[in-house]
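>>> Predicted model and sequence below, questions to follow.
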Amino acid sequence: MNDISARRDFSGVRAVVTGGASGIGAAIARALSASGARVAIADVADSRTAELAASIGPNARAYHCDVTDRGDLEALAGAVTAVFGGVDLVFVNAGAAVQSSLPEMDPREFDWLIDLNLRGAFNTIQAFADVLIAQARIGRRPRFILTGSENSVGLPKLGVLTAYTATKHAILGMADGLRRDLADQGVGVSVLCPGAVNTRLWDARSTRQDRYGGPAHVPDDVAETLTKGFASFGQDPDVTARLCLDGIAEDEFLIVTHPEIRTLAQKRNLEIEVALDRLDARLASYGK
C-alpha cells in the first residue's frame, strides 16, 4: 500500500464512509486511519466490512447500512455519534454502475441506480446534516464528501454507462447546491470526481437487493478479464484516496484524480461557449 499517511494529519477526526467495504471507500477508510482518524465503515456487505475494519485496527468500526433505507442511515448516525462523540467527515460514497444503454436497460436496474446513487446520497445527507452542523457550532470543520465521477463532468469513451452518467451528473449538481445550502452553517462540501480506478465497481450487482432483481454474479471468466483490465489501466485506489484527503485538507470543492478529466471538461465547456455564442448571434439578428 502507498504511504498515504505521509502528507496529511487527520488526528482526532471522526469519519463515516458509506460503501466503505471495498474499492474507493475502503481505500479512503485505510487512508483516514493511517492519517490518525477514527472511521466508521458502513456497507451492506457485512463480512467484507468486518474484515476491513479488523484489518485496519482499533481506529475502525464496522456497521451494516443500506443507504436506500432511511432507517438504516438514521440508526448509523445515532450509533456512530454515540461511539465517537460526533462526526466530522461524511463520505457519501455508496454507489454502483451498470453497463447498458437507456433503451435496453431493465427498469428495475434503473430504479436501483437511482435509489442507490442518488436517493442514497440524499438519505445520507439528511441523516448526518444536523450532526455536522452541531460540530460546526463548536468550532470544528465538518464536511460532506460526495463521490461523483469523471462522468460528472463529461462523457468518457469507456463503456456504455448512460444511467450511471446521469446519476453522477446529478451528484455534481447535488453537491454544488448542498454547499450553498450549508454555507451559512459552517459545513463544507466536496465532490470527488475520479476517473478509472482499479476497483470491482463492475461487480456491484453482487450486493443488489432483492426488490431490484437480487444479487447477480459475473461469470468467473468474465470476472478474470475485467479484473486484469481494470488493473492494467485503473488508478490504484490508495492513490485516489490520498488525492481525496489532500483535496479535503485544501478545502477544495471539486477534487479530481486523473489528468484526462481536463479533456472531458474542456469539451463540455466548449459546447457551452458555442451555444452561448450562437445565442448572442441569434438575439442580435432579432434586433435585441
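Structure received. Keep in mind that what you see is a predicted model, and the values were worked out from it rather than measured.
>>> what's the helix or strand of the chain with the lowest mean pLDDT in contact with?
Of all helical and strand segments in the chain, the minimum by mean pLDDT, DSSP states H and E falls on helix 220-233, at a mean of 75. Helix 220-233 has contacts (CB atoms under 8 Å, 6 or more residues apart in numbering) with 196, 197, 198, 199, 200, 202, 203, 218. Where C-beta positions appear, they are placed from N, C-alpha and C, glycine not excepted.
>>> Which residue is the nearest non-sequential neighbour of the fourth one?
Distances taken as CB to CB, 6 or more residues apart in numbering place residue 23 nearest to residue 199, at 3.4 Å, with adjacent residues excluded.
>>> contacting residues around that neighbour?
Per CB under 8 Å, 6+ apart, neighbours of residue 23: 197, 199, 200, 201, 237.
>>> Most neighbours among those residues, which one is it?
Top of the contacts of residue 23 by neighbour number is residue 237, holding 25 neighbours under the definition other CB atoms under 10 Å.
>>> any low-confidence regions in the stretch 101-250 of the chain?
223 (pLDDT under 70).
>>> how about the helices in it?
Taking DSSP state H, counting those that start in this stretch as the criterion, the stretch 101-250 of the chain carries its helices at 107-113, 120-137, 162-181, 220-233, 237-249.
>>> In PDB, please show the C-alpha coordinates belonging to the shortest one.
Spelled out, it's helix 107-113. Taking Å, rounded to 0.1, in the frame of the first residue of the first chain, the C-alpha atoms of helix 107-113 are listed here in PDB:
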ATOM      1  CA  PRO A 107     -36.300  -0.700 -15.500                       C
ATOM      2  CA  ARG A 108     -35.600  -2.400 -12.100                       C
ATOM      3  CA  GLU A 109     -31.900  -1.700 -12.600                       C
ATOM      4  CA  PHE A 110     -32.600   1.900 -13.400                       C
ATOM      5  CA  ASP A 111     -34.600   2.200 -10.200                       C
ATOM      6  CA  TRP A 112     -31.700   0.500  -8.400                       C
ATOM      7  CA  LEU A 113     -29.200   3.000  -9.700                       C
END
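>>> Quick check: buried residues in stretch 43-53?
43, 44, 45, 48, 49, 50, 52, 53 (16 or more other CB atoms under 10 Å).
>>> So which residues of the stretch 1-150 of the chain form strands?
14-18, 38-43, 60-64, 89-92, 143-147 (DSSP state E, counting those that start in this stretch).
>>> so can I have CSV of those strands showing distance to residue 211?
Converted to CSV, those look like this (distance: least, CB to CB, whole Å):
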stretch, distance to residue 211
strand 14-18, 19
strand 38-43, 18
strand 60-64, 17
strand 89-92, 22
strand 143-147, 23
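>>> Cool, thanks, talk later.
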